[in-house]
Structure formats: structure tokens, C-alpha cells
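Engineer: need a structure here:
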Amino acid sequence: MLLEGIETLLILSKEKTMSRTGSILYISQSAVSKRIANLENRLGKKLVVPDGRHIKLTADALALIERVGPSFHELSGLIFEQQALEDHTLIRFDCSETLVAGLLSHVMGQYFSHDPRITITTNHTPRIVEHVRSGKATLGLCAGYLPGNHGLKTFHLYNEPVFIVSQTPLQQLPQQIITNDLSNSANTYQASVLDHLAITPVMEMDSYTAAAQLALQGVAPALIPLSIVHTLSIAPRYCFSFDDLQPLFRPVHLCLRTMTYRSPRIKSLIAAIVDAVPRVTSEPWIKT
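Structural biologist: Sure, this is the predicted structure:
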């Protein structure tokens with residue numbers, strides 16, 4: 001019951017509402033409230049307080065998360081490692097949404113005929129790493145920089161270039177640009193590069209697709225990775241590359257727990273992805 005309450009608090013700290021937390025845990029909102037109340041009673045501390053439609057963590061809750069969060073995820077991962085990955089075991093593959101669209105769909109369309117016991121979910125890189133560490137995901141496909149001290153086995157697939165998508169031709173770097181969420185720790189490196197180039201992020205989107213569509217409609221130029229350029233079949237005449245943009249490339253990694261790599265099924269899946277990436281990334285644009 002104690003570990004159940006800790007897990008609920010950790011998810012609640014990110015989702016901010018009882019209802020979204022319940023959706024992730026596949027339990028009712030009232031069950032979430034009961035778990036938190038039981039944890040508060042067990043610890044003798046108030047952990048959450050109402051904050052409009054959301055909840056706010058108390059200082060005691062924040063201290064508890066900082067102290068036990070990493071250990072909880074590691075314990076969950078160690079328990080996960082005790083499970084055998086048999087042929088019928090479901091492999092949970094947590095991925096960056098842009099990479100599912102731009103890279104993974106190509107290889108998985110063929111791979112599912114070989115091993116259909118795979119489910120794909122999408123998340124941002126920090127959450128993917130957290131899920132792999134805790135065993136909630138078997139394998140992760142991440143875009144952008146990984147958090148430090150993640151303790152996972154990684155495979156660097158390639159460095160994905162980025163382009164500026166603009167409705168009107170660009171002869172030089174724009175002064176303003178639409179970016180993806182720069183508060184995401186996988187993307188924060190972009191802020192300093194843009195600042196150095198004297199480019200102001202005018203909007204920070206949660207979706208590269210939305211940013212690209214706004215750029216194509218003339219709202220403002222947008223910083224878009226190659227995988228999205230390919231996926232949306234954006235014509236080359238709308239895509240602009242400058243030497244100064246090279247530091248903005250997105251590293252692409254596979255990550256998993258070291259023990260998980262002992263599974264022949266996982267090795268086979270990783271090999272298929274590693275083999276497919278060079279072919280997918282070298283494909284020409286569809287539109288001209």
C-alpha cells in the first residue's frame with residue numbers, strides 16, 4: 001500500500017490533476033484520492049492541497065519526491081528485470097511522437113509480421129527515460145539530449161538535422177522563430193544556441209506538426225526536424241538550412257535497461273531499427 005501511494009504521488013506530481021492521474025493508473029479519480037489520503041495518514045503529513053482545478057504539492061510532498069523518487073523508479077526497474085521476456089510477453093516501446101511518424105513507422109510496418117507482441121506509446125524524452133528506468137517501458141526511442149545519470153544502456157542512432165520552415169524565402173536567419181517546448185529538458189540546449197544567434201522564440205509549441213503548419217501558413221518561420229519534414233512531405237522550397245543551425249541537431253537514441261538487452265527478442269528489434277535508420281533518413285522528399 002505504501003509503494004502504491006508513492007507511485008500515485010509521483011504521477012500526480014506530473015499530471016497535476018486526480019483525473020489524469022487516474023487515467024494513467026487505470027483507476028478512478030476517487031481511488032487516486034484514497035491512495036493519497038492513505039499515504040498522508042501513513043506519513044502523518046499533508047501532501048497535496050487544492051489549487052483551482054489542479055492540485056498543489058506541499059513542501060513535504062516535494063521533499064518526499066526528491067528523496068524517494070529515484071529509488072522508487074530503480075526498485076520498479078529491478079522488479080521488472082526479474083520478468084522473463086518470453087515470445088508471448090508484450091514489449092512496451094515508448095517513443096518520441098515525431099520519431100514514430102518519421103522513423104519508426106517504416107520499420108515497424110514490416111517488423112510486426114515477425115513479432116506482433118509489441119505496443120507503441122508516445123511521450124517526451126524525459127518521461128520515456130523515466131518509464132524505461134522504472135520498467136513501465138521495455139525500450140525507449142528518444143529525441144534530443146538524454147538526462148544525466150540515467151543509468152541506461154543506449155544506442156546512438158544518428159544526429160537529426162533541423163531546418164527552418166518558412167512560407168517565404170529566407171536569405172538569412174530570421175529574427176523570430178516558432179520552436180518546440182524549450183522547457184522540455186531534451187530541448188533546453190536549443191535556447192542558448194538561439195540566444196547566441198539573436199533569434200527570439202515567439203511561440204513554443206508542444207507539437208512540431210503544429211509549428212510546421214503555422215510556418216507554412218505564414219505566421220512565423222519554425223524550427224523543424226528532418227523527420228517531420230519527411231512525414232509532412234514539406235516541399236524543399238519551404239525548407240532552409242544555415243551553417244549556424246548545425247548545433248541544433250537532435251541526437252536520436254534507443255535506451256533500455258542493461259539486463260533487458262540479454263533478451264534475443266530485444267536484440268532482434270534493436271538490430272532492425274539500427275539497420276533501418278540509415279535508409280529512412282536518406283530518403284528524398286516526396287514533394288518538389
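Engineer: ok, the strand or helix carrying residue 49: who's next to it in the sheet?
Structural biologist: Using DSSP states H and E, residue 49 sits in strand 48-51. For strand 48-51, the paired strands and their directions (DSSP bridges) read strand 54-57 (antiparallel).
Engineer: domain parsing for the chain?
Structural biologist: Following automatic domain parsing, the chain resolves into domains at 2-81, 91-159+251-281, 162-248.
Engineer: could you check how far the first one is from the centre of its chain?
Structural biologist: Here the centre of mass of C-alpha atoms in domain 2-81, compared against the chain's by CA atoms, centre = their mean, to the nearest Å, lies 21 Å away.
Engineer: for the helix or strand hosting residue 266, list the C-alpha coordinates in CSV.
Structural biologist: In this structure, residue 266 sits in helix 264-281 according to DSSP H and E. Written as CSV, here are the backbone C-alpha positions of helix 264-281 (Å, rounded to 0.1, in the frame of the first residue of the first chain):
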residue,chain,number,x,y,z
PRO,A,264,17.1,-12.2,-28.1
ARG,A,265,13.8,-10.5,-29.0
ILE,A,266,15.1,-7.1,-27.8
LYS,A,267,18.3,-7.6,-29.7
SER,A,268,16.4,-8.5,-32.8
LEU,A,269,14.2,-5.4,-32.6
ILE,A,270,17.1,-3.1,-31.9
ALA,A,271,19.0,-4.6,-34.9
ALA,A,272,16.1,-4.0,-37.2
ILE,A,273,15.8,-0.4,-36.1
VAL,A,274,19.5,0.3,-36.3
ASP,A,275,19.6,-1.2,-39.8
ALA,A,276,16.5,0.8,-41.0
VAL,A,277,17.5,4.3,-39.8
PRO,A,278,20.2,5.0,-42.4
ARG,A,279,17.7,4.0,-45.2
VAL,A,280,14.9,6.1,-43.8
THR,A,281,16.9,9.2,-43.2
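Engineer: now do it: everything it contacts.
Structural biologist: 85, 87, 89, 91, 93, 102-104, 106-107, 111, 114-115, 118, 138-139, 141, 155, 157-158, 160, 226, 252, 254, 256, 260-261 (CB atoms under 8 Å, 6 or more residues apart in numbering). Every residue, glycine included, has its C-beta placed from N, CA and C.
Engineer: mind doing that once more with 6 Å?
Structural biologist: When contacts are defined by CB atoms under 6 Å, 6 or more residues apart in numbering, helix 264-281 is touched by residues 85, 103, 106-107, 111, 157-158, 260.
Engineer: Throw the domains of the chain into JSON lines and include mean pLDDT, thanks.
Structural biologist: What follows is those, written out as JSON lines (pLDDT from 0 to 100):
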{"stretch": "domain 2-81", "mean pLDDT": "81"}
{"stretch": "domain 91-159+251-281", "mean pLDDT": "89"}
{"stretch": "domain 162-248", "mean pLDDT": "93"}
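Engineer: reformat the ones you listed as JSON lines; add mean neighbour count.
Structural biologist: As requested, the domains of the chain are exported to JSON lines (neighbours: other CB atoms under 10 Å):
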{"stretch": "domain 2-81", "mean neighbour count": "16"}
{"stretch": "domain 91-159+251-281", "mean neighbour count": "18"}
{"stretch": "domain 162-248", "mean neighbour count": "17"}
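Engineer: quick check: end-to-end length of stretch 123-140?
Structural biologist: With CA to CA, to the nearest Å applied, stretch 123-140 spans 10 Å between its terminal residues.
Engineer: show me where the stretch 151-288 of the chain has its helices.
Structural biologist: 189-196, 208-216, 226-231, 264-281 (DSSP state H, counting those that start in this stretch).
Engineer: out of these, which is closest to residue 15?
Structural biologist: helix 208-216 (21.7 Å; CB to CB).
Engineer: can you tell me what sits against the closest one?
Structural biologist: For helix 208-216, contacts defined as CB under 6 Å, 6+ apart pick out 98, 165-167, 178, 180, 205, 221-222, 224, 228, 232.
Engineer: right, and the pair among those with maximum separation?
Structural biologist: Within these, 98 and 167 form the most distant pair, 21.1 Å apart (CB to CB).
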